[in-house]
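Novice: What follows is a protein structure lacking sequence information:
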């Protein structure tokens, strides 16, 4: 099968790409508006993109043409955000925060989550998240109805037990992240892993 994503199949691009390019990690992003209200929203068009400096990228598509999502609005106003990762224990709460609330309503309260203070940025972390990355906006690139937000990671918070304190390698028996799979509601667990040493 072949698809012309710049032509006749353009309207199917999201369904095709979001379903085939999997699994994707989930960025559960906390921001604050000008009144200090905390917004939390998940995005699966996300990944880390480098370590010198440590940067990540996520893409919050517009709500509608020229109307950014609350996360993008808040980052544009403050230049700060936190990326919280999602594990099996927080999956249901993450899903709850994808509900469409009015601007200024907090998904934290809606999903009955708690927050923990950040060190370098104003938006708090999600206390239940196993890993949180404090970020400052490096740049935002607008491409059509997509915004690619590049963030510089300043602080990394990792729940005790996830990393070996000496090697800093992940304990896969403890860290159980989930990934985004097929649209509209597919996810995966990451329990079935294997090693493949490089040649």
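Specialist: Perfect, thanks for sending it. A quick note: this is a predicted structure, and the numbers were derived from the prediction, not measured.

Novice: what are the bridge partners for residue 50, then?
Specialist: Partner residues in beta bridges with residue 50, using DSSP bridges, are residue 55.

Novice: What's the local residue count around it?
Specialist: Residue 50: 12 surrounding residues under other C-beta atoms under 10 Å. For every residue, glycine as well, the C-beta is placed using N, CA and C.

Novice: what's the distance between it and residue 150?
Specialist: In this view, residue 50 and residue 150 are 10 Å apart by C-beta to C-beta, to the nearest Å.

Novice: Same question for residue 165.
Specialist: Distance of residue 165 to residue 150, computed by C-beta to C-beta: 31 Å.

Novice: same question, residue 169
Specialist: With C-beta to C-beta as the criterion, residue 169 and residue 150 are 27 Å apart.

Novice: Need the nearest residue in space to the residue sitting nearest the centre point of the chain, chain neighbours excluded.
Specialist: The residue lying closest to the centre of the chain (C-alpha atoms, centre = their mean) is residue 27, at 1.0 Å. Leaving out its chain neighbours, the residue that sits closest to residue 27 by C-beta to C-beta, 6 or more residues apart in numbering is residue 46, at 3.8 Å.

Novice: Verify the contact between the one you found and residue 81 for me.
Specialist: No. Residue 46 is beyond contact range of residue 81, at 11.8 Å (criterion: C-beta atoms under 8 Å).

Novice: And these two? Which one has more around it.
Specialist: residue 81 (27 against 22).

Novice: dump the residue contacts of the more buried one.
Specialist: By C-beta atoms under 8 Å, 6 or more residues apart in numbering, the contact list for residue 81 reads 29-31, 71, 74-75, 121, 123, 135, 137, 149, 151.

Novice: Off-centre distance for whichever strand or helix holds it?
Specialist: In this assignment (DSSP states H and E), residue 81 forms part of strand 80-84. Mean-position distance between strand 80-84 and its chain equals 8 Å (C-alpha atoms, centre = their mean, to the nearest Å).

Novice: Need the mean per-residue confidence for it.
Specialist: Mean per-residue pLDDT for strand 80-84: 98.

Novice: Over to stretch 5-21?
Specialist: Stretch 5-21 carries an average pLDDT of 96.

Novice: can you give me the strands for this protein?
Specialist: Listed in chain order, the strands of the chain (DSSP state E) span 27-32, 38-43, 46-51, 54-58, 80-84, 115-116, 125-126, 131-143, 146-158, 178-180, 187-189.

Novice: could you say what helices and strands the fourth one packs with?
Specialist: The reference is to strand 54-58. When contacts are defined as 3 or more C-beta pairs under 8 Å, 6 or more residues apart in numbering; DSSP states H and E, strand 54-58 packs onto strand 27-32, strand 46-51, strand 131-143, strand 146-158.

Novice: Out of those, the one nearest residue 20 is which?
Specialist: strand 46-51 (15.8 Å; C-beta to C-beta).

Novice: relative to strand 146-158, how tilted is the closest one?
Specialist: Orientation check (axes from the mean of the first three to the mean of the last three C-alpha atoms, to 10 degrees): strand 46-51 against strand 146-158 gives 70 degrees.
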